[in-house]
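Visitor: This is the structure alone, sequence omitted:
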């Protein structure tokens, strides 16, 4: 039987990259720059875009700013792709498609929340904090990094109407320790309705475990290797549910996290091979 689906029509319906000019670039930390674009993205906190460097590759990045008229991506220089990206100057263009994915969301009865951001995982949470604080939600914001030079958006967070807790592993700024230290105390002392989290997965798993002990729901941004961003290729599907995180995530709530058997243990690289967290 001849298929009624015209593959060319189907392919043409897929999102295509828009070539956008870098209108500004700001150094945030020793390894993070924010790239700004004048474009109405209409994203929500926690969503991501696919950034394309022609003849190089395409990678997903979370959105750090979205004013409605423009947006910014705070990107860490951590590999070959970002090495190439960091060669781009103001006025040059890159390809952008999106936004994609499930964002963080406000739960109806959540009046007292905690946000836990590690390193550049602070980026999507900062925008969320700005929104919730304006709506009268009490926000405890925990920002952590290995050292002071890696703390992202420190000044931006100080200007927000939130209770800010800052930790560094080496004690060079704020409290010496890790983000779970203040979280443990907050959960012990107050009735917390919801915990939002973004950062390295080992940290996210530690935060999730504390939330489970305290019987507090969590929303966690789970990073996986994403190739298409639209749920077609299956590269970012997780063991336990089989769901692609580009569509059913990256933000995932506690009830689903309990079903993801690889969470906090391993992820898959570009070849699909398991890579265990150390």
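Guide: Structure received. Please read these numbers as outputs of a predicted model, since none were measured by experiment. Residues are numbered from 1 along each chain as shown.
Visitor: domains of the chain?
Guide: The chain breaks down into these domains under automatic domain parsing: 15-97, 112-276.
Visitor: Single out the most deeply packed of these.
Guide: domain 112-276 (a mean of 19; mean count of other CB atoms under 10 Å). Every residue, glycine included, has its C-beta placed from N, CA and C.
Visitor: Do me a favour and get the end-to-end distance for it?
Guide: End-to-end distance of domain 112-276: 35 Å, with CA to CA, to the nearest Å as the criterion.
Visitor: Now do the helices in the stretch 51-200 of the chain.
Guide: 80-85, 122-134, 154-158, 180-189 (DSSP state H, counting those that start in this stretch).
Visitor: Among these, which comes closest to residue 140?
Guide: helix 180-189 (5.5 Å; CB to CB).
Visitor: and the closest one, what does it pack onto?
Guide: On a contact count with 3 or more CB pairs under 8 Å, 6 or more residues apart in numbering; DSSP states H and E, helix 180-189 meets strand 112-118, strand 138-145, strand 163-168, helix 201-214.
Visitor: hang on, the earlier thing: of all the helices of the stretch 51-200 of the chain, which lies closest to residue 39?
Guide: helix 122-134 (16.2 Å).
Visitor: Quick check: which ranges of the stretch 101-250 of the chain have low pLDDT?
Guide: Along the stretch 101-250 of the chain, no part satisfies pLDDT under 70.
Visitor: same thing but at 90, please
Guide: 108, 230-232 (pLDDT under 90).
Visitor: sorry, back to before: which one, of the domains of the chain, ends up nearest to residue 103?
Guide: domain 15-97 (3.5 Å).
Visitor: Report the distance from the closest one to the chain centre.
Guide: Offset of domain 15-97 from its chain centre (CA atoms, centre = their mean, to the nearest Å): 13 Å.
Visitor: So what touches stretch 253-261?
Guide: With contact meaning CB atoms under 8 Å, 6 or more residues apart in numbering, stretch 253-261 is reached by 208, 211-212, 217-220, 222, 238-241, 243, 248, 252, 263.
Visitor: and residue 41, which of the helices of the stretch 51-200 of the chain is closest to it?
Guide: helix 122-134 (11.9 Å).
Visitor: circling back: kindly indicate which of the contacts of stretch 253-261 lies nearest residue 62.
Guide: Among those, and counting by CB to CB, the member closest to residue 62 is residue 222, at 11.7 Å.
Visitor: so that closest one touches residue 252, yeah?
Guide: Yes: under the criterion of CB atoms under 8 Å, residue 222 makes contact with residue 252 at 5.3 Å.
Visitor: Now do the shared contacts for the two.
Guide: 245, 260.
Visitor: possible to save the domains of the chain as a markdown table with distance to residue 103?
Guide: What follows is the domains of the chain, written out as a markdown table (distance: least, CB to CB, whole Å):
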| stretch | distance to residue 103 |
| --- | --- |
| domain 15-97 | 4 |
| domain 112-276 | 6 |
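Visitor: Tell me which of those domains sits nearest to residue 104.
Guide: domain 15-97 (4.0 Å).
Visitor: before we move on, back to that, adding distance to residue 46, write the helices and strands packed on helix 180-189 out as CSV.
Guide: CSV is the format used below for the helices and strands packed on helix 180-189 (distance: least, CB to CB, whole Å):
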stretch, distance to residue 46
strand 112-118, 11
strand 138-145, 15
strand 163-168, 20
helix 201-214, 13
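Visitor: Appreciated, that's everything.
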